[in-house]
Each structure stands twice: as C-alpha cells, then as structure tokens.
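Novice: From the sequence below, what's the structure:
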Amino acid sequence: MTTVVFVHGTGVREPALSALVSRVGTGLRHAAPHLRLVTCDWGTPHGATLAADGASIPATGGRHRGAGFAAARDDDADAAEWELLYTDPLAELRLAASGAPPPGPVPPHQVPAGAAIRERLAELLAAPAELDASLRLATASHGEHALRALIDAPELAGAAQAADADTLADLTARALVAHLLADASDAGDPLSPTASDRDAAVTLLAARLRDRPPGSDRGPGRLLLRALTPLASRAAVRRRSAITRATHPAAGDILRYLVVGDAHRAHLADLVRAQPAPVVLLCHSLGGIIAVDTLVMTPLPGVALLVTAGSQAPFLYETGALPSLRYPQPLPPTFPGWLNIYDPRDLLAFAAQPLFPGHATDVPLSSGQPFPHSHSAYWNNPALYEAVARHLP
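Specialist: Below is the predicted model:
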C-alpha cells in the first residue's frame, strides 16, 4: 500500500489542520482508494509563534486620540483615498463623470475644458523631462505611459462635462500623479515620496494644467472619493495587533524556516523513514520547499514521488534562496520524480519543469478563483487528485 505523507503550508495550525487533512483524505479516496494518508504536522513543533506575546507590534488605537486625533484621522482618510487611486488612477474622474449632464453647446471662441486639459497634457508628453523635473516623482518613461493613458481616457471627457476648469485640473493632476506612482511601484522603484511631496506634486501639476503659476492657485481640492472610500488603511492600522496576531504564522513560518530549517527537515525525514515504502510526499506551498530541501540534503529511497501544489521552491532555486541547492546545480540522482501543480492565477505558485527538464513535470490546474483564494483552492479541486492518481508509482 502506498503511503501519502501530506506536508501542509504556512500558517496552518489546529483545528484548521484537521479540517484540511480531512478534505485531502476525501479527495484522495475518490481518486485512489488504496492510499494511506499520514500528516506531517511541522507547524505545531517548529512553526512561528509570538514568543513575547506580540511585544514587537506597535501600539495603536487609543494612542491615536488626544490633541492630534483629528489630524491623524485626516491622514488616515487621505492615505485610504490615495490607496484607491493608486489601484485605479481614474476613479475620481469616473466618479465626477457619473454625474455629468449631457454636453451642451460651447460658446464661440471658448475652448472646452476637456480639450484644454488634453492640450496641456500633450505639451507635457512632448517634453517629458519637464514633467520629470517639476514633479520629481517618476522617470520620463513612467510619465509618458501615464500621460498617454490620461489623454486617451474617456473618463477625462466625461468629467469635463461635470466639473469646472479648476476642479477638472485638480482631478486630472491627482489622476496623473497616482498613475505615475503606481507605474513606478510596478516597475520596482525602491523609493516612494511622502504624502507632502506627493501633494506638492499635485499642486504643481494642477497649476500647469490651469496654465497659471502655482502662487495663484487655490491649492488641491478635497478628494471626491472621501465619501466612498472604506478607509481600509486607517482600519488596518487601528486593527494592526489583531491582524498581525492572525497572520503572523504565515509570514513567520517562512522566515523561521529559511533561518532555522534543520528541525523542519529532520521532522519530515524521520516521519518518512517510519513509513513503509513506497511513499508519496504531497505538499502545499512552504511544505513543498521543506520537502524539496529535505530530499536534496537527505536521500530518502522510500520516497517514490514528490507532489507540490502552489510551491515557491522553483522560484527560490532560481533566485539563489533555496537552502539546499543553488542555480544551476542539478537535482541529485537520488531525487524522486516531481509532479508540480500550479494554478496560473496563484501568484505564489511557480513552474519547475523549465528549471528541471526531464525531472519535474508541471501540471497547470485552474480553480477559477482570483488570488489569493487561488492559493488555497487546490484541495477542493478534483482535478488535483486525478493528476496525483495518474502519476502514482
């Protein structure tokens, strides 16, 4: 009888572990009834804990109150609103456009506000160094991408029907700055401006779009998103202790394993040696990293197949962070066959076959879920168990 040793991922503790193992057992019985399931619970003895009961978590909540409470509240609101703008730079323009009346006739010799804004954006596009030098927020390449996105955005034309010229300049300036900062972040820029630098950039850009010097401006208007934003950043800061206590096992497990992983690997190796051959290792996320490292460092002839789901082991290997093996070193001859299952929507799952051709086999399986739910949906996908059954020794 083949023994399947299930190696869980980060953050899994009882009672969630028992529920997870029960689901895995049900899936395996449907696909391959002859299998015997054993659990490798490495999280209980070797997982991360808050040894000082969370003393490292900064205090929040009550300390927000007092003389500076109103200012802190406004800062929280601004941060939450800009968080939404970084995700969707056109959100304010779209909100303004939603209340726009049908376009009416434009008086003779008057340039429509939207056309004037587009003309000034085009001038900045023709001189990207001017934008880069005046705002000091992004490279010229980021500026070109953001400017083109705004010039071509139908939201800008819609907002022009609902907002006066000054308000439209404010909205457009915020949209452009949000786009610039989001693009810079996506490109891996390690520097992000403070809120005051960002707001100063908005003021300078709004003045440029009004074609008036900054000294004559009224300053950036209040964000239109204020009434609609759920203030996620503010809520997260105030609930930081609860959030950290709930999530620390996941992040802490990874850090702890990478620093002191010998105990995790010994735990798995001892469990495998106690099982009759053949053994299949069925692993999720960090569990797959532990298994790969264990099999590289410690030959276990009883293991006939390694199955990983949602594993970062290939990525760690390619980046030189896998404890047991450095790219381009090959897997040792004692390493068993490797079935690597990943969901294309799981941003924590990586392909192994391109790195280990002839040894690893990749099987893409979609749960239909977006990330991060896709990272936890493997065990409810019948196709996973069918793939395992097809590759059993």
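Novice: can you give me the strands in the stretch 201-350 of the chain?
Specialist: Applying DSSP state E, counting those that start in this stretch to the stretch 201-350 of the chain gives strands spanning 279-284, 303-309, 337-342.
Novice: Which of those sits closest to Ala162?
Specialist: Taking C-beta to C-beta, strand 337-342 is the member of the strands of the stretch 201-350 of the chain nearest to Ala162, at 45.8 Å. Bear in mind the C-beta positions are built from the backbone N, C-alpha and C, glycine included.
Novice: roughly how far out does the helix or strand just after that closest one sit from the chain middle?
Specialist: Using DSSP states H and E, the helix or strand that follows strand 337-342 in sequence is strand 360-364. With C-alpha atoms, centre = their mean, to the nearest Å as the basis, strand 360-364 stands 23 Å off its chain's centre.
Novice: Taking their axis directions, strand 360-364 and strand 303-309 sit at what angle?
Specialist: Angle, strand 360-364 to strand 303-309, by axes from the mean of the first three to the mean of the last three C-alpha atoms, to 10 degrees: 40 degrees.
Novice: Give me the packing partners of the helix ranked longest in the chain, helices and strands only.
Specialist: Criterion DSSP state H: the longest helix present in the chain is helix 165-186. Applying 3 or more C-beta pairs under 8 Å, 6 or more residues apart in numbering; DSSP states H and E, we find helix 165-186 packed against helix 69-87, helix 91-97, helix 113-126, helix 140-151, helix 154-162, helix 195-210.
Novice: Make TSV from the ones you listed and add mean neighbour count and mean pLDDT to it.
Specialist: What follows is these, written out as TSV (neighbours: other C-beta atoms under 10 Å; pLDDT from 0 to 100):
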stretch	mean neighbour count	mean pLDDT
helix 69-87	16	70
helix 91-97	22	88
helix 113-126	17	86
helix 140-151	18	80
helix 154-162	20	87
helix 195-210	19	87
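Novice: show me the residues around Val292 that make contact.
Specialist: Shown in contact with Val292 (C-beta atoms under 8 Å, 6 or more residues apart in numbering): 306, 308, 311, 313, 317, 322, 324-325.
Novice: okay, the strands of the stretch 201-350 of the chain, which one's buried deepest?
Specialist: Using mean count of other C-beta atoms under 10 Å, the stretch among those with the greatest mean number of neighbours is strand 279-284 (a mean of 26).
Novice: What pairs with that strand, parallel or antiparallel?
Specialist: Paired strands of strand 279-284, with direction, are strand 3-7 (parallel), strand 303-309 (parallel) (DSSP bridges).
Novice: circling back to that earlier point, for the contacts of Val292, which one is nearest Arg23?
Specialist: Arg23 has its nearest neighbour among the contacts of Val292 in Thr308, at 17.7 Å by C-beta to C-beta.
Novice: Which residue is the nearest non-sequential neighbour of the closest one?
Specialist: Nearest-residue entry for Thr308: Gly288, 3.4 Å, with adjacent residues in sequence omitted and distances by C-beta to C-beta, 6 or more residues apart in numbering.
Novice: and that neighbour, what does it touch?
Specialist: Here Gly288 is in contact with 7, 9, 308-313 (C-beta under 8 Å, 6+ apart).
Novice: Which pair in those has the greatest spatial separation?
Specialist: Taking C-beta to C-beta as the measure, these span a maximum distance of 13.7 Å, between Val7 and Gln312.
Novice: ok, these two, which is more surrounded?
Specialist: Per other C-beta atoms under 10 Å, whichever of Val7 and Gln312 has more neighbours is Val7, with 28 against 21.
Novice: Run through the residues that contact the residue lying closest to the more buried one once chain neighbours are set aside.
Specialist: Distances taken as C-beta to C-beta, 6+ apart put Gly287 closest to Val7, at 3.4 Å, once the chain neighbours are dropped. By C-beta under 8 Å, 6+ apart, the residues touching Gly287 are 6-9, 40, 42, 308.
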